[in-house]
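In: following is a predicted model, sequence given first.
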Protein chains: 2
Amino acid sequence: MNKERKQTKISDLGEFGLIDRLTKKIELKNRSTIKGVGDDAAVLDYGSKCVVFSTDLLTEGVHFNLMYVPLKHLGYKAVVVNLSDIYAMNARPKQITVNLALSNKFSVEAVEELYSGIYLACENYGIDLVGGDTTSSLTGLTISVSVLGEANTEDLVYRSGAQPGDWLCVSGDLGGAYMGLQLLERENEVFKVNQSMKPQLQGYDYILERQLKPEPRADIVEVFEKLKMKPTAMIDISDGLSSEILHLCKNSKVGCRLNEGKVPMDSQTKDMAEELHINPLVAALNGGEDYELLFTLSPNDFDKIKNDPDFTVIGEIVDAGKGVNLITTGGSEVPLQAQGWKHLG
Amino acid sequence: MNKERKQTKISDLGEFGLIDRLTKKIELKNRSTIKGVGDDAAVLDYGSKCVVFSTDLLTEGVHFNLMYVPLKHLGYKAVVVNLSDIYAMNARPKQITVNLALSNKFSVEAVEELYSGIYLACENYGIDLVGGDTTSSLTGLTISVSVLGEANTEDLVYRSGAQPGDWLCVSGDLGGAYMGLQLLERENEVFKVNQSMKPQLQGYDYILERQLKPEPRADIVEVFEKLKMKPTAMIDISDGLSSEILHLCKNSKVGCRLNEGKVPMDSQTKDMAEELHINPLVAALNGGEDYELLFTLSPNDFDKIKNDPDFTVIGEIVDAGKGVNLITTGGSEVPLQAQGWKHLG
């Protein structure tokens, strides 16, 4: 490499800055490419239905720690995080491919254990595994899953459709996956010091499951269909609520007021946060991996879901000029900031 | 992991044994899934055209060595090896996604260099980059590319259609990519010992290009279309001629007679092999990475291409009971064996 050239650290740009930089010159060439980079999945038109196509990559030591993540759970999670991207388009996942790079520490049985989780996810969500590539790596395990889904063109929901006056809503509750991870990390540290110690995990089954075996919100997309409604914009929560709200607002060219007091959290999330002296709101805003759906609703549609306990209105969309702000329980208004990019830098 | 369970080494099964074992229980669930695991790409029916979907994964130190592979070339190659899978279905690639895992040794400029090769391949072959995931790794670089293509159902060519009496044909020449790799490895070893030594690469531009900047045979697929013909079976040569012939024969339930003397090789391939005391036929049979197309033709179609210098008839398809054999220039008949799985075990 030429030493005279400027060398910018990736951490100086951040994940999204790097992606913007790498993708800003793309010009789509094919009529069949309706949507490329810039949403949860690409959208392709091949006739009567749109094909929706997305992909993710998980690396050992960065996205997962095999000291406490069972391989079956890892396989399951590698699939569902991809399905979540397809549901976030208001589409239905149909096929996946799985690429694995494995170091020689993995036995056939270990790989089968990983695949048992992959197949369980396929079974639970009606997905066909249609291909992939298995090869070796010098160190550790890398999993790359790609997914294809389908939707009618008119049903697709992008990140870009939110309008001032829309309600900002979220499914389920937030911060659980992050607090489950903190618990697993704590017990792993204890175990490393004293291997006769048994992990203290009782009473935290919900947040452990949120971390180890997340479920994508297929049911939410079905509710939308049943109620004959669709969000104006939608995104799945993989990096944390703050980061996703900022994506949605940027893509929709709007601002937002997020009410701190409305962010839904489970009691186990709060209990664990208290035990570890963490503000649970930080877990919800920046923890990520909850795989809930964040979406905006036109006021006309709001009545259809307002009594469903699985949805929470957490804020409202405003003009871009008003910014993207968190309204604290004390009434202060502070700009929302993303703590993303935790995997790079 | 339970220590009582039997632990089989992955190397005991080999790559294809492992894949067979992992995929044998798959039952396709969706009407739109026409073809899943078991060919160069999956085939999906979403309306008027079939969608063709494939993926590959490259890991540093296993598939490439950044000591002598420029990042731009690596990006280019990561794309074209995937395109080759789509052409091998007699389909047209249209969209790709790219996943990267990067250790902190890579700068933004280095990633841009990699992407410049990715974009060049997209430009040359009319492909849209439609998504992907970029994250960190603890060590080295991993690239996973997925590709979607399209074809009319009746134009698709699988590995399974060869019939006894068909001619076995190959495009271009073989073994060049492998000999290019041997040359680069040799010069890299020299450089490691004495860093003032300049690499001796003159006169070997063709085999270096075969290794560093392979081109998928889009032109061959266009010839087929122009001549209104299609092979009875087809596969691309990524693992070496022997391995691909065995795949094709297994999937078609046929045998084959491959004529040693007919295997096309460039003079640079032969010269380098002589210099390194390697039998050039070994490079052609087992070297891999040539990304040429191996296909079978009905005798009725043979006249259409017999005078095209870009095609070579290298053998004939016979009944399965006769086996898959190499006919040596001396007239001996020996069973063909694959030396695949070089990346795992």
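Out: Alright, I've got the coordinates.
In: residues from the stretch 101-250 of chain A in reach of chain B?
Out: Counting by C-beta under 8 Å from any C-beta of the partner chain, the stretch 101-250 of chain A comes close to chain B at A:101-102, A:104, A:106-113, A:115, A:119, A:126-140, A:142, A:144, A:146, A:148, A:150. C-beta coordinates here come from the backbone N, C-alpha and C atoms, glycine included.
In: buried ones only from those, please, as a PyMOL command.
Out: Buried members of those, defined by 16 or more other C-beta atoms under 10 Å in any protein chain shown, are picked up in PyMOL with:
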select buried, chain A and resi 101+102+106+107+108+110+111+112+113+115+119+127+128+129+130+131+132+133+134+135+136+137+139+140+142+144+146+148+150
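In: okay, and which of the residues of the stretch 101-250 of chain A next to chain B map to strands?
Out: Assigned to strands by DSSP state E, the following of these qualify: A:101-102, A:128-136, A:142, A:144, A:146, A:148, A:150.
In: closest one to residue B:251 out of those, please.
Out: Sorting those by how near they are to residue B:251, with C-beta to C-beta, puts residue A:131 at the top with 14.6 Å.
In: now do the closest one, the pLDDT please.
Out: You'll see residue A:131 listed with a pLDDT of 82.
In: residue A:29 too?
Out: For residue A:29, the pLDDT comes out at 67.
In: for residue A:293, grab the count of nearby residues.
Out: 26 (other C-beta atoms under 10 Å in any protein chain shown).
In: show me what it bridges to in the sheet.
Out: residue A:236 (DSSP bridges).
In: how close does it sit to residue B:329?
Out: Distance, residue A:293 to residue B:329, by C-beta to C-beta, to the nearest Å: 65 Å.
In: point out where chain A drops to low pLDDT.
Out: Residues of chain A meeting the criterion pLDDT under 70: A:1-5, A:10, A:14-16, A:18-19, A:22, A:25, A:29, A:31-44, A:46, A:339-345.
In: and for the residue of it found nearest chain B, the neighbour number?
Out: Nearest to chain B, among the residues of chain A, is residue A:47, at 2.2 Å (C-beta to the nearest C-beta). Using other C-beta under 10 Å, residue A:47 has 15 neighbouring residues.
In: likewise for residue A:333?
Out: Using other C-beta under 10 Å, residue A:333 has 11 other residues around it.
In: surely residue A:168 is in a strand?
Out: Yes: Residue A:168: assigned to a strand according to DSSP: H, G, I helix; E, B strand; the rest coil.
In: my read is that it contacts residue A:294, right?
Out: Yes: with contact defined as C-beta atoms under 8 Å, residue A:168 counts as touching residue A:294 (7.4 Å).
In: so which of these two has more stuff around it?
Out: residue A:168 (27 against 24).
In: okay, among the ones in strands among the residues of the stretch 101-250 of chain A next to chain B, which ones form the most distant pair?
Out: A:136 and A:150 (34.1 Å).
In: quick one, helices of the stretch 51-200 of chain A?
Out: Under the criterion DSSP state H, counting those that start in this stretch, the stretch 51-200 of chain A carries helices at the ranges A:71-87, A:108-125, A:176-193.
In: dump the residue contacts of residue A:190.
Out: By C-beta atoms under 8 Å, 6 or more residues apart in numbering or on different chains, the contact list for residue A:190 reads A:197, A:199, A:200.
In: against residue B:24, how distant is residue A:317?
Out: Plainly put, residue A:317 is 50 Å away from residue B:24 if you go by C-beta to C-beta.
In: in terms of neighbours, single out the busier of the two.
Out: residue A:317 (26 against 8).
In: show me what the helix or strand hosting that one is packed up against.
Out: Counting by DSSP states H and E, the element that carries residue A:317 is strand A:311-318. If contacts are counted by 3 or more C-beta pairs under 8 Å, 6 or more residues apart in numbering or on different chains; DSSP states H and E, strand A:311-318 sits against strand A:167-171, helix A:241-252, strand A:255-259.
In: tell me the most buried of the helices of the stretch 51-200 of chain A?
Out: Burial of the helices of the stretch 51-200 of chain A is given as mean neighbour count (mean count of other C-beta atoms under 10 Å in any protein chain shown); helix A:71-87 ranks first at a mean of 25.
In: that one: how far from the chain's middle?
Out: 10 Å (C-alpha atoms, centre = their mean, to the nearest Å).
In: got it, and stretch A:63-78?
Out: Put simply, stretch A:63-78 sits 16 Å off its chain's centre (C-alpha atoms, centre = their mean).
In: can you give the contact residues for that stretch?
Out: Residues contacting stretch A:63-78 (C-beta under 8 Å, 6+ apart): A:56, A:58, A:60, A:98, A:110, A:113-121, A:141, A:143, A:145, A:184-185, A:187-188, A:191, A:212-214, A:343, B:135.
In: in contact with the most centrally placed residue in chain A, which residues?
Out: Centroid-nearest residue in chain A: residue A:238, 2.0 Å away (criterion: C-alpha atoms, centre = their mean). Taking C-beta under 8 Å, 6+ apart, we find residue A:238 in contact with A:81, A:84, A:244, A:288, A:289, A:290, A:291.
In: mind listing residues that contact the strand holding residue A:317?
Out: A:162-171, A:245, A:249, A:252, A:254-259, A:262-264, A:296, A:302, A:305-306, A:327.
In: per-domain residue ranges of chain A.
Out: A:29-155, A:167-335 (automatic domain parsing).
In: please identify the most buried of the ones you listed.
Out: Most buried of these, by mean neighbour count (mean count of other C-beta under 10 Å): domain A:29-155, with a mean of 22.
In: residue A:150 contacts residue A:51, doesn't it?
Out: Yes: the pair residue A:150 / residue A:51 is scored as a contact, 6.1 Å apart, by C-beta under 8 Å.
In: coming back round to it: save the contacts of residue A:238 as TSV, and put in distance to residue A:311 too.
Out: What follows is the contacts of residue A:238, written out as TSV (distance: C-beta to C-beta, whole Å):
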residue	distance to residue A:311
A:81	22
A:84	17
A:244	16
A:288	20
A:289	20
A:290	15
A:291	16
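In: closest one to residue A:92 out of the residues you listed, please.
Out: Nearest to residue A:92 among those, with distances taken as C-beta to C-beta, is residue A:84, at 12.5 Å.
In: how about that closest one: what's its closest non-neighbour residue?
Out: residue A:216 (3.8 Å; C-beta to C-beta, 6 or more residues apart in numbering or on different chains).
In: that older thread, closest to residue B:179 out of the helices of the stretch 51-200 of chain A?
Out: Taking the helices of the stretch 51-200 of chain A one by one with C-beta to C-beta, helix A:108-125 is closest: 33.3 Å.
In: dump the C-alpha coordinates for that closest one into CSV.
Out: Provided in CSV are the C-alpha atoms of helix A:108-125 (Å, rounded to 0.1, in the frame of the first residue of the first chain):
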residue,chain,number,x,y,z
VAL,A,108,-18.7,-32.5,12.4
GLU,A,109,-21.0,-32.9,15.4
ALA,A,110,-20.4,-29.3,16.4
VAL,A,111,-21.4,-28.2,12.9
GLU,A,112,-24.4,-30.4,13.0
GLU,A,113,-25.4,-28.8,16.3
LEU,A,114,-25.1,-25.4,14.7
TYR,A,115,-27.2,-26.6,11.7
SER,A,116,-29.9,-28.0,14.1
GLY,A,117,-30.6,-24.5,15.2
ILE,A,118,-30.6,-23.2,11.6
TYR,A,119,-33.1,-25.9,10.6
LEU,A,120,-35.3,-25.2,13.7
ALA,A,121,-35.5,-21.6,12.7
CYS,A,122,-36.4,-22.6,9.1
GLU,A,123,-39.0,-25.0,10.4
ASN,A,124,-40.6,-22.4,12.7
TYR,A,125,-40.8,-19.7,10.0
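In: right, I'll leave it there.
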